[in-house]
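S.K.: got a predicted structure here, sequence first:
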Amino acid sequence: MAGDALRRWRPELRRAMMRVRPEFFSWPLEKRERYGASLPEEDKHRLDQALMKELFGARVRSWKSDTSGGKRIPLRELNRWNDAILPLVGIGEDCFYLNEWLGENKTILDFPTLRDYDEDDYRYQENARKQDDPSYASKPYRGSLYLSWARLFADEKFTYATLSTAAGYLYAHIEEVAADVIKERIPHRYVPGKNHGKAKAKNFQWDMRVAADGQEGLLEELQHRVFDYTRARNDDLLTDWDRTNRGGVYWVDTSEPQERNVHIIFTDKDALSAVRFRSFVQDCRAIERGTDELNEAVKEQETKLKTFVLQQHQDLLQTFDPKVKRLRRRRQILIHKDAFDDFE
């Protein structure tokens, strides 16, 4: 935990830590970092309680309710909490915290660069696919970072970050555009099915059905074609950006009134290699590129996607046979009754 990190410690966090683990401040740097990166469960629970009391007083006793019972903690309070605890759980000069699963018995300290983490996760996912389907042909690593969440102090301000490769960023964008364009061509909505909301043990059933004024079959076929298209484009984009090898970072401000947000987009795996978690912002700024070329790529992919959807819709209007139905496996979705307790 460098001097910058200690400088960012709020008095509330210091006092909470003194109650839970007073010897922490006498530990060597490496031990403090290891402790913060993988808080022991018992200490975490006690620290949560102590820090809540410091930040919010007696009125807050848990994230689910205040002392009056049943009232959720406002978003601004959650932001205040994340800001306060970040210097303990984050690493490096920006107190960087990656809010993702890092693997069994691993912490962010096991991955010096962003590529180290991303490639390790990619290999894990590829092995899982291979186990599920022995015929699966593994693909070369081209950078796979996709909408990962992080927290850090960027330019001295607490910031929520989303991390993606350029290919992943473009894929996420055309997925959103595709849904909008399809809805323009075939207006539809989701309505509760006959089993929606019914209790089953400690779960309730999720049974929402598409209503498209008699065009449900047409809609499903169009969605299926567009899904195949966007999935193929994602693979092509990964290859294209990997070959272009720009080695840069785009920094896109996505802030909202109540919080500071940024989407950080890495052009390729070489850009991921150049960014260390301990000096995240500095390394990103060193290879930052203007967003004009990213915006041009967005426009290009959006235009191609819209053209494809319109062409496929027109083709289906002329050739689709509603009597021929696509075979698909029926699924039952169950949601635990407490699943949304931590959401606003």
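M.R.: Good, I have the coordinates.

S.K.: any weak-confidence spans in this protein?
M.R.: 1-6, 58-73, 196, 201, 323-344 (pLDDT under 70).

S.K.: quick one, longest strand in it?
M.R.: strand 157-165 (DSSP state E).

S.K.: list the contacts of it.
M.R.: Residues outside strand 157-165 that contact it (C-beta atoms under 8 Å, 6 or more residues apart in numbering) are 79, 82-83, 86, 114, 143-154, 172, 238, 241, 254, 259-268, 272. Quick note: C-beta positions are derived from backbone N, CA and C, even for glycine.

S.K.: could I get the buried residue list for it?
M.R.: 158, 159, 160, 161, 162, 163, 164, 165 (16 or more other C-beta atoms under 10 Å).

S.K.: with respect to residue 21, which of those is nearest?
M.R.: residue 158 (23.5 Å; C-beta to C-beta).

S.K.: what's the closest non-adjacent residue to residue 252?
M.R.: residue 263 (4.4 Å; C-beta to C-beta, 6 or more residues apart in numbering).

S.K.: which stretches of this structure form helices?
M.R.: Under the criterion DSSP state H, the chain carries helices at the ranges 3-7, 11-20, 29-37, 41-56, 75-89, 114-132, 166-185, 216-244, 269-273, 280-286, 292-319.

S.K.: report all helices and strands that the third one contacts.
M.R.: Okay, so that is helix 29-37. Applying 3 or more C-beta pairs under 8 Å, 6 or more residues apart in numbering; DSSP states H and E, one finds that helix 29-37 contacts helix 75-89.

S.K.: gap between residue 255 and residue 158?
M.R.: For residue 255, the distance to residue 158 (C-beta to C-beta, to the nearest Å) stands at 12 Å.

S.K.: residue 206 too?
M.R.: Taking C-beta to C-beta, one finds residue 206 at 35 Å from residue 158.

S.K.: burial of residue 199, as a residue count?
M.R.: Counted with other C-beta atoms under 10 Å, residues neighbouring residue 199 total 9.

S.K.: one more: the one 3 residues further on?
M.R.: Taking other C-beta under 10 Å as the neighbour definition, residue 202 ends up with a count of 9.

S.K.: and for residue 31?
M.R.: 12.

S.K.: how about residue 80?
M.R.: 17.

S.K.: the one 5 residues further on now?
M.R.: Per other C-beta under 10 Å, the neighbour tally for residue 85 reads 24.

S.K.: so what sits opposite the residue lying closest to residue 169 once chain neighbours are set aside in the bridge?
M.R.: Once flanking residues are discounted, residue 169 sits nearest to residue 265: 4.7 Å by C-beta to C-beta, 6+ apart. Counting by DSSP bridges, residue 265 forms beta bridges with residue 164, residue 250.

S.K.: for the nearest residue to residue 175 once chain neighbours are set aside, what are its contacts?
M.R.: Distances taken as C-beta to C-beta, 6+ apart put residue 230 closest to residue 175, at 5.7 Å, once the chain neighbours are dropped. Residue 230 sits next to 171, 174, 175, 178, 305 when contact means C-beta under 8 Å, 6+ apart.

S.K.: among those, who's most crowded?
M.R.: Comparing those by number of neighbours (other C-beta under 10 Å), residue 174 comes first, having 23 neighbours.

S.K.: residues in contact with it?
M.R.: 230, 233, 301, 302, 305.

S.K.: would you mind measuring from the spatially closest residue to the last one that is not a sequence neighbour to residue 147?
M.R.: Counting by C-beta to C-beta, 6+ apart, residue 305 lies nearest to residue 174, which is 4.6 Å off, once chain neighbours are set aside. Distance, residue 174 to residue 147, by C-beta to C-beta: 14 Å.

S.K.: quick revisit: tell me the one of the contacts of residue 174 nearest residue 94?
M.R.: residue 301 (31.1 Å).

S.K.: thought that closest one was touching residue 175?
M.R.: No - look at residue 301 against residue 175 with C-beta atoms under 8 Å: they stay out of range, at 10.7 Å.

S.K.: any chance of the contacts of residue 174 in CSV, with distance to residue 277 too?
M.R.: Formatted as CSV, these follow (distance: C-beta to C-beta, whole Å):
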residue, distance to residue 277
230, 31
233, 30
301, 30
302, 33
305, 34
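
S.K.: deepest-packed of the helices of the chain, please.
M.R.: helix 269-273 (a mean of 22; mean count of other C-beta atoms under 10 Å).

S.K.: packing partners of it?
M.R.: Using 3+ C-beta pairs under 8 Å, 6+ apart, helix 269-273 is in contact with helix 114-132.

S.K.: residue 107 - how many residues pack around it?
M.R.: 16.

S.K.: what are the phi and psi values at it?
M.R.: Backbone torsions of residue 107, given as degrees, to the nearest 10, read phi -130, psi 170.

S.K.: residues contacting the closest residue to it other than its chain neighbours?
M.R.: Spatial nearest neighbour of residue 107, excluding adjacent residues (C-beta to C-beta, 6+ apart): residue 37 at 4.0 Å. Shown in contact with residue 37 (C-beta under 8 Å, 6+ apart): 89, 91, 107, 108, 109.

S.K.: one more time with 10 Å
M.R.: When contacts are counted by C-beta atoms under 10 Å, 6 or more residues apart in numbering, residue 37 touches 88, 89, 90, 91, 97, 98, 102, 106, 107, 108, 109, 110.

S.K.: just curious, which of those is nearest to residue 313?
M.R.: residue 98 (40.7 Å).
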